[in-house]
Each structure stands twice: as C-alpha cells, then as structure tokens.
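Undergrad: Below are the sequence and a predicted model; questions follow.
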Amino acid sequence: MKGERSTSQFVAGMIMIAGAVLALPSHAKTASPAPSAALEILTGPADAAVSIVVFSDYSCPYSSQLYFQLEALEKKYPAQLRAMLKQLPLEIHPQSPLAHEAALAAAAQGKLGAMSELLFANQKRLDRDSLLAYARQLHLDMPAFRQAMDSHLYRPLVEEDLLEARALGIDSTPTIFLNGHRLDGFQSLEVLDKEVAQELVKQNDAQTIDASAAGEENNESIGQALFDKLKESVSAVRGPATAPVTIVEFTDFQCPFCRQSAKPLEDLLAQRPNQVRLIFRSFPLDFHQYSELAHEAALAAGDQGKFWQMYDLLFANQSHLERADLLRYAEQLQLDVPAFEKALDAHTYAGAIASDRALGAQLDVNGTPTFFINGKRLTGVRTLVELEQLVDQEARVAQGAHTEQAAVTPAKQDTNFLVLGSEASPIQVTWFTDVRSPLAMRAAALIHVIDQAYPGQLRVQYKSLQLANHADAELASRALIAAGSQQKFWPMYEALAASATQLDRDTVLKTAAAVGLEPQAFQEALNDPSITESIERDQAEVYRRAITGTPAIFIGGVRIDGLQPDRVYKSAIDAAFAARGEAQTAASGR
C-alpha cells in the first residue's frame, strides 16, 4: 500500500536522521544542528536541586541586570543551581529576534554564556554586523554561524518559546520560574539568594520526585474548624448536602491544569452522585491577565442560575476570555445580558473573589488546582481513578469503616505501553514526547539510536506529553496508542510528526489508512475509554514531575530533559546496569 513502510525501514530512517543531527561532537566543524531546547541550558548539572528558567529579551535592560545577577548566583551555588534562558524578544525591540538567533547559534558551539554576556553588555549594538563581530571575538566557527543566521535555523526554537510564554500568560521580561515559583521583573541578588537558599532547604538536594512518592504528598488535614469555614458562604456547589465526602476546589479559569481537572471532576460527580459534594472557590492567579474577570463572569452567570454552564464554557474556551468573549458566552447561555454586563462593569463579584483568595492564602494555597477532600489537601491534576479511590476511602472513614491506609495509592499509574523492547528487557526507559512538536522526529531518532546501542536490553515506554500550544496533541496521542494496538506505532508516529497541518479526526483516519491500519479496528480503538484513562494518567504524571518541554526521558533514577548528545543517555543506561548488578550481587549475599 502506498505510504506503508516496514519497521526496519523506519528504524533505518531514524538512525540516518540521528547520524545527521545527534552524533556530531561539540567541536565538529559542520553546520549547526537543528533547533534543540538543550541549547538554552546556560549552566548547571541536570540533577541540580534548584532550577531557574528565565524568559528574557536581549534588548531589555532589566533582563541584562538580571543576567549578571544570575552569574553571581551561579558562582555561589555551582553544583546546586541549573539555569535555562528562554527566548522572549519583545515587539518593541526590533533587533532582539536576530540577537536571540545569534545566541542559539553560539550555544550550538558551546558558547551560550559567553555570547549572552556580550549581547547583554552591548544592548545598543545588536545589528547583524555586530553579531558577527561578537562571533569572531568568541572564535566561533564563522561559516557555521553565518549559515545559521542566514537560514534562520534557530527561529523555530525562538517561536516555540514565544508560544510557551503566551500559554503561560507572560508578556514582559524578565520573568523567572525558580523551581516552578514565578517571579516577575528584575530581582536583586539578595532576593534571588534568599529564594535559592529556601529551595535548598525544602529540596534537601533532591530535584526529581518519584511519581509513586508524589502520589502520597499533600494529604495532611487542615483541621475540622478550617474545613467547616471552607464550606460556609459558598458561591457555587454541586451534589447533595448529605454527601459523606465534600470536595472544595480552588481553581483558576485560565490555568491549563485546572482545565485538565474539570473532566475528571465531572465524571466523578456522575459516577458518585450521592457520595460527593463539590464546592467551587475562586483563586485567579495574578499572572493570568483575563482570569479575574472570567471568575466574575461565572459568578454573575450563577446569579442567573447558570454558573456551571458558564464554568464549562470558560474552561472549553480558555484562550478566549476577554470581555467580548464573556458577553458572547452570556448570550449563548440566554442570560439577561444587560444585567450580566452591568455586573461585570460594576465588579459586583470582586469582593467574593477576594474573599475566596484570602481564604486560600490562609490555607497556604499557592497554586491551582488545590483540593480539600474532607479536609485533606490534594494539589495538582488527578485522574478519575485516583479521585474515585480517594472518595471511596473518605466515604468509608465518614461512615465509620476501618481504614489501614490514609494515603491513596494511584491505580494503574503505569500505562505499560511499550514501543521498543519487551517486559523481559532489563532497563526501563520512560519517554515523554509530544508528536506534534518540531522536535518529534529527532526525539524518535534518539530513541532508536540508544536502542540500537543496547539491542534487546531496553524496554522503552511511551508517555503522552501534550504541550499547551499544540491543540491537536491529545488527538495525536490517541491515534498513536490506537495504532499501537495494531503494531503500527512507529509508522503512525512518523506520519503525524511529518504532518505540517493541524490534525482533525478525518486527517487522522486518512493517515491511519495510509500507514496500513485496519480502518474499523482503528476507529474502535480511537474511541476506547481506556485510551482516555491512559492519557489522563500520563498528563497527571507530567504535572507531578513538572515536565514543561519535549522530550523528557527517565532512565533509572536519572531525568534528562531536551535533546542531549547520545552519550548522556548511554551514561545513564550504563549506570542503570551497574545499579542492577549491585542489587543482584547484594540479593545473592555475595
């Protein structure tokens, strides 16, 4: 059939790609590689306890000040701090985009820090001739640097960072994420030093949290008095007052993780209609520009008996929450639009939102979604399976039944979807990837390179990663898992990664036919609820592991973000073999 390729042909193609873009040594005198998020790593080991990600603009004076503060910080914490620069050239700085491309072209030759120093120190001279002069000053491979600049080789990576910034609601520089905690604007060295010191105490020199341990976190009880306060003066509630389990949800309509939580909660209420009461609390985060007014809109709709209908619309249209959008949703719900508009203009419900936010602060809520289930704190996205297990456990406690285990153990945490190797293969490789990413083909090439280096030794597990700026990522993930049921994961992966247009269901069905899938069986698999559960588990794990980019690969206890040289992965695999050998020796008593 046209378009069908054998597995061996696909592997050969992947290895050929890998030979071109992954196997180059850092000193190779060739053209720069295709864009890679690894180029944005400024300094520090992958296992550093503190990670600082900075969205920066080379023309921004505040970004310049912050950069030199970071340098001082890096010297103080050389082994405990990892810094990454994200590209955010602002429209008001016309020379900045090319400067960012120059920085990445220098990064490909191991000189991101040195080039960044020159760019930040010479912000008035960022024209092309000046950039070439800086490259010569750093003794870069000038033909490779010029080629990267002339072909705009690194523009896709700059654009990816711009999309990521937009998804996070970032519109100014510098913006800092320190172990996920957001800091806006220039920060003094004293402030940064204090933040890092606090994180080192909290982290105890451990950056990567194991997923099974993460499932046991944040289950402390806030006490009955505070929980009773949470249940008072509520704006919106679902479920009977007699339900044995009450869930209080602090949420933000512009938060992507809150949107992911909405469907499992909806399903939970449908599955446990007499057991669960859900109470809504507003917690719009400061850095979400449109969230506060969206919360006012929901409460204004609630005054007309349509809160939960508006709730669904706001989460379904999370990228369209401006005032005109809210008025359109009011019309769609057949509200009294003049009364609705008057409530928005008068900010009638701002006080109620401020009250919820103050209550959340009292309870140390610092992110969304945060839940209190019969007084027990739970943070982050949870699957339907996990929520059902928690509710059933709390219902038994409320009804006086004995329970030996206070913390929930997530069911079916592992999707066990192997794409290479078998259960008998000794080393587990867990691969989080978004097939709609520009880096998808290179990520697949990498996986095949390391698999070929250890034939029969690796069991490679695929995990669905859906970046916020890829609207078709979930559909693509479903298609991959469905194709896997007919042993066509890799042909489907290649076809989806190569597609330049946004996917819809018809396109996916045509692609499935082109790679040789049986149509009826594929459609049935595509609709299988178990795929939804699998993707939800993966996304919950993405959130718990704080994965923000693709690919992210776990080998043994080692986490590797972005595309790194293949020797990095081989080193982790060798360490996993060594640890396995030591464990076997200890078990045998020798």
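TA: Sure thing, it's come through. Numbers count the residues shown, from 1 in each chain.
Undergrad: how much space between Leu132 and Leu39?
TA: Distance, Leu132 to Leu39, using C-beta to C-beta, to the nearest Å: 19 Å. Yep, even glycine has a C-beta here, placed from its N, CA and C like the rest.
Undergrad: One more: Gly169?
TA: Taken as C-beta to C-beta, the span from Gly169 to Leu39 is 25 Å.
Undergrad: Same check on Gly516?
TA: Taken as C-beta to C-beta, the span from Gly516 to Leu39 is 37 Å.
Undergrad: Look at the nearest residue to Leu314 once chain neighbours are set aside and give its secondary structure.
TA: Using C-beta to C-beta, 6 or more residues apart in numbering and skipping the chain neighbours, the partner closest in space to Leu314 is Phe253 (4.5 Å). With DSSP: H, G, I helix; E, B strand; the rest coil as the basis, Phe253 sits in coil.
Undergrad: Phe253 is in contact with Ala316, isn't it?
TA: No: the criterion here is C-beta atoms under 8 Å, and Phe253 misses it with Ala316 at 10.6 Å.
Undergrad: Outline the domain layout of this structure.
TA: 48-203, 216-398, 418-585 (automatic domain parsing).
Undergrad: hmm, back to that, more crowded one of Phe253 and Ala316?
TA: The neighbour comparison of Phe253 against Ala316 (other C-beta atoms under 10 Å) goes to Phe253, with 28 against 11.
Undergrad: got the contact list for the more buried one?
TA: Contacts for Phe253 (C-beta atoms under 8 Å, 6 or more residues apart in numbering) come out as 284, 291, 294-295, 298, 314-315, 318, 321.
Undergrad: so how far is Tyr67 from it?
TA: 34 Å.
Undergrad: higher neighbour count, Gly516 and Leu39?
TA: Ranked by neighbour count (other C-beta under 10 Å), Gly516 and Leu39 place Leu39 first, with 24 against 16.
Undergrad: shouldn't the more buried one be in contact with Leu104?
TA: Yes: in this structure Leu39 lies within contact range of Leu104 using C-beta under 8 Å: 5.1 Å.
Undergrad: Give me the common contacts of those two.
TA: Residues touching both Leu39 and Leu104 (C-beta under 8 Å, 6+ apart) are 112, 154, 157.
Undergrad: Name the nearest of these relative to Arg357.
TA: Leu157 (36.6 Å; C-beta to C-beta).
Undergrad: buried residues in the stretch of helix or strand that closest one belongs to?
TA: Following DSSP states H and E, one finds Leu157 within helix 155-167. Neighbour-count burial for helix 155-167, counted by 16 or more other C-beta atoms under 10 Å, picks out 155, 157-158, 160-162, 164-165.
Undergrad: Same list (these) but as JSON lines, adding distance to Val558.
TA: Shown next, in JSON lines, are the buried residues of helix 155-167 (distance: C-beta to C-beta, whole Å):
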{"residue": "Arg155", "distance to Val558": "32"}
{"residue": "Leu157", "distance to Val558": "24"}
{"residue": "Val158", "distance to Val558": "29"}
{"residue": "Glu160", "distance to Val558": "25"}
{"residue": "Asp161", "distance to Val558": "25"}
{"residue": "Leu162", "distance to Val558": "30"}
{"residue": "Glu164", "distance to Val558": "24"}
{"residue": "Ala165", "distance to Val558": "29"}
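Undergrad: from those residues, which is closest to Ala440?
TA: Nearest to Ala440 among the buried residues of helix 155-167, counting by C-beta to C-beta, is Glu160 at 12.2 Å.
Undergrad: Can you classify the residue lying closest to the closest one once chain neighbours are set aside by secondary structure?
TA: Leaving aside its sequence neighbours, Glu160 sits nearest to Pro438 (C-beta to C-beta, 6+ apart; 6.8 Å). Three-state assignment for Pro438 (three-state DSSP): coil.
Undergrad: What of Ala298?
TA: helix.
Undergrad: Spatially, and excluding backbone neighbours, which residue is closest to it.
TA: Leaving out its chain neighbours, the residue that sits closest to Ala298 by C-beta to C-beta, 6+ apart is Met310, at 4.8 Å.
Undergrad: Check which residues of the helix or strand containing that neighbour are buried.
TA: Assigned by DSSP H and E, Met310 falls within helix 307-316. Residues of helix 307-316 classed as buried: 307-311, 313-315 (neighbour count, 16+ other C-beta under 10 Å).
Undergrad: okay, and for the stretch 351-500 of the chain, where does confidence drop off?
TA: 399-416, 468 (pLDDT under 70).
Undergrad: just the buried residues of helix 155-167 now: which is nearest Phe371?
TA: Among the buried residues of helix 155-167, and counting by C-beta to C-beta, the member closest to Phe371 is Glu164, at 26.6 Å.
Undergrad: Give me the pLDDT for that closest one.
TA: Note for Glu164: predicted pLDDT of 77.
Undergrad: Count the residues that sit near the closest residue to it other than its chain neighbours.
TA: Leaving aside its sequence neighbours, Glu164 sits nearest to Asn469 (C-beta to C-beta, 6+ apart; 6.5 Å). Per other C-beta under 10 Å, the neighbour tally for Asn469 reads 18.
Undergrad: hang on, Val365 in a helix?
TA: No: secondary structure of Val365 (three-state DSSP): coil, not part of a helix.
Undergrad: OK, contacts around it?
TA: Applying C-beta under 8 Å, 6+ apart, we find Val365 in contact with 250, 283.
Undergrad: can you list the weak-confidence ranges in this structure?
TA: For the chain (pLDDT under 70), the answer is 1-38, 46, 202-221, 399-416, 468, 543-546, 548, 557, 583-590.
Undergrad: elements contacting the biggest helix by length in it?
TA: The helix that spans the most residues within the chain, counting by DSSP state H, is helix 566-588. Where contact means 3 or more C-beta pairs under 8 Å, 6 or more residues apart in numbering; DSSP states H and E, helix 566-588 is packed against strand 427-433, helix 440-453, strand 552-555, strand 558-561.
Undergrad: how about those in TSV, adding mean neighbour count?
TA: Formatted as TSV, the helices and strands packed on helix 566-588 follow (neighbours: other C-beta atoms under 10 Å):
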stretch	mean neighbour count
strand 427-433	21
helix 440-453	21
strand 552-555	23
strand 558-561	18
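Undergrad: can those go into CSV with extra columns for distance to Ala346?
TA: Output for the helices and strands packed on helix 566-588, formatted as CSV (distance: least, C-beta to C-beta, whole Å):
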stretch, distance to Ala346
strand 427-433, 46
helix 440-453, 49
strand 552-555, 46
strand 558-561, 47
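Undergrad: my guess is His93 contacts Ser64, does it?
TA: No: with contact defined as C-beta under 8 Å, His93 and Ser64 do not form a contacting pair (11.9 Å).
Undergrad: Using PDB, write down the CA coordinates of stretch 261-269.
TA: C-alpha atoms of stretch 261-269 as PDB (Å, rounded to 0.1, in the frame of the first residue of the first chain):
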ATOM      1  CA  SER A 261      -9.000  18.600  36.200                       C
ATOM      2  CA  ALA A 262     -12.500  19.700  35.100                       C
ATOM      3  CA  LYS A 263     -13.400  16.500  33.200                       C
ATOM      4  CA  PRO A 264     -12.300  14.000  35.900                       C
ATOM      5  CA  LEU A 265     -14.400  16.000  38.400                       C
ATOM      6  CA  GLU A 266     -17.400  16.000  36.100                       C
ATOM      7  CA  ASP A 267     -17.000  12.200  35.700                       C
ATOM      8  CA  LEU A 268     -16.600  11.700  39.400                       C
ATOM      9  CA  LEU A 269     -19.900  13.500  40.100                       C
END
